[in-house]
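Engineer: build me a structure from this.
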Amino acid sequence: MNSGIFILGGITFLTAFLLFKISAFMYLLQDIKEGKKRSWLKLFQVFTIDLIILIAGVIGTGILFMTLLNMAHG
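Structural biologist: Below you'll find the model as predicted:
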């Protein structure tokens, strides 16, 4: 049961983060249409930061969900 709650917490975070990244991607496409240039280094930095946020967020939200479950069930 604990692993299911942990996975649910991870999926919850991934869903919220995915919606955020979709809106950021739409903003990037708008910049490309306007002719603004983006460097590969900048995109790689964004990817690295996003990866760190994803790892920490999934683990943190999973732990939060498990903690709340354990508190609720004593």
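
Engineer: ok, now which ones touch L64?
Structural biologist: G9 (C-beta atoms under 8 Å, 6 or more residues apart in numbering). Backbone N, C-alpha and C define where each C-beta goes, glycine included.

Engineer: buried set for the host helix or strand of it?
Structural biologist: With secondary structure defined by DSSP states H and E, L64 is part of helix 40-72. Buried positions in helix 40-72, judged by neighbour count with 16 or more other C-beta atoms under 10 Å: L54, G57, V58, T61, G62, F65, M66, L69.

Engineer: mind checking pLDDT for I52?
Structural biologist: On pLDDT, I52 comes in at 91.

Engineer: pLDDT below threshold where in the protein?
Structural biologist: 39 (pLDDT under 70).

Engineer: center of it - which residue?
Structural biologist: Nearest to the mean C-alpha position of the chain, counting by C-alpha atoms, centre = their mean, stands F17 at 3.5 Å.

Engineer: neighbours around G9, how many?
Structural biologist: 23 (other C-beta atoms under 10 Å).

Engineer: and for the one 10 residues further on?
Structural biologist: Neighbour count for L19, taken as other C-beta under 10 Å: 10.

Engineer: ok so, going back, so which of the buried residues of helix 40-72 is the closest to M26?
Structural biologist: Comparing the buried residues of helix 40-72 against M26 with C-beta to C-beta places L54 closest, at 19.3 Å.

Engineer: what does stretch 10-24 rub up against?
Structural biologist: The contact list for stretch 10-24 (C-beta under 8 Å, 6+ apart) reads D50, I53, L54, G57, V58, I59, G60, T61, G62, F65.

Engineer: pull the distance from stretch 63-72 to the chain's centre.
Structural biologist: In this view, stretch 63-72 has its centroid 20 Å away from the chain centroid, taken as C-alpha atoms, centre = their mean, to the nearest Å.

Engineer: err, stretch 28-37, not the other one
Structural biologist: The chain centre lies 24 Å from the centre of stretch 28-37; the measure is C-alpha atoms, centre = their mean.

Engineer: cheers, nothing more for now.
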